[in-house]
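K.L.:
for reference, the sequence and a predicted model appear below.
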Amino acid sequence: MKQVILFIIISITLLIPCEAQKKIKNVVRKSTNSSVYRVGKIKQEQPSVYVTFENYGKYTWDKTQQTYDIAWFRLHNNFSGNISFCYYDTSVSATGKIGVHYEIEKSPNNSDSTTRNNEDIPRGFTTFDFCDAYTLKSGKTFLFGIIQNHLIEDTRIKIQIYYPWEDKLDYGTVKEPQHYIYFYVRDLPTRK
């Protein structure tokens with residue numbers, strides 16, 4: 001009888017790890033077929049997420065009837081999964097479209113002789129403790145505008161993005177890693 005009980009205990013001990021390994025293999029197999037877990041770039045020659053300049057334009061805001069000079073940009077999601085970013089709606093947009101929350105900051109390690117104090121740099125259109133999250137699908141782009149007078153020399157545009165595996169309720173705190181996309185004003189074509 002002791003031998004039978006000992007045999008059952010040993011069998012169970014050996015069987016449980018085998019079942020656990022099968023479950024792990026199934027999860028890994030599923031995750032490699034899922035766009036959420038498959039990590040990589042669509043176009044290998046491009047960054048996973050990046051911003052390009054589109055053109056300059058003008059827009060008259062209905063709320064104030066004021067005309068603004070706008071620089072139009074495109075946020076590209078070259079990542080194999082979705083990304084999210086904070087956006088604002090057209091009710092507060094001087095561009096007539098929903099927009100990306102962004103910051104303007106001094107370019108680091110700028111070798112130009114002209115340097116600015118941080119007080120001279122426009123703040124941008126920043127978020128506070130919360131924001132509405134826009135999900136940009138894999139391979140898609142998002143057109144947004146920035147008022148041209150925010151784009152001054154020796155600065156860069158800073159946009160925070162979020163990946164799908166991060167806690168969506170934690171956008172305003174520092175529990176999750178922070179991811180930023182930059183566009184340097186020095187890379188803009190000459191304004192016409």
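P.N.:
Received the coordinates, thanks.
K.L.:
identify the residues contacting the helix or strand harbouring residue 181?
P.N.:
Taking DSSP states H and E as the criterion, residue 181 maps to strand 179-184. Strand 179-184 has contacts (CB atoms under 8 Å, 6 or more residues apart in numbering) with 49-51, 53, 73, 75, 107, 156-163. Yep, even glycine has a C-beta here, placed from its N, CA and C like the rest.
K.L.:
return the list of strands paired to it, each annotated with direction.
P.N.:
strand 155-162 (antiparallel) (DSSP bridges).
K.L.:
export the partner strand to CSV, keeping only CA atoms.
P.N.:
The C-alpha coordinates for strand 155-162 follow below in CSV (Å, rounded to 0.1, in the frame of the first residue of the first chain):
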residue,chain,number,x,y,z
THR,A,155,13.6,73.7,-29.6
ARG,A,156,11.9,70.4,-30.2
ILE,A,157,8.4,69.0,-30.1
LYS,A,158,7.9,66.3,-27.5
ILE,A,159,4.9,63.8,-27.7
GLN,A,160,4.3,61.1,-25.2
ILE,A,161,3.0,57.7,-26.4
TYR,A,162,1.8,54.6,-24.7
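K.L.:
pLDDT on that strand, on average?
P.N.:
Throughout strand 155-162, pLDDT has a mean value of 91.
K.L.:
low pLDDT regions in this protein?
P.N.:
1-39, 90-96, 110-119, 123, 125-130, 167-174, 191-192 (pLDDT under 70).
K.L.:
can you say which of the contacts of strand 179-184 are buried?
P.N.:
Among the contacts of strand 179-184, those scoring as buried are 49, 51, 73, 75, 107, 156-163 (criterion: 16 or more other CB atoms under 10 Å).
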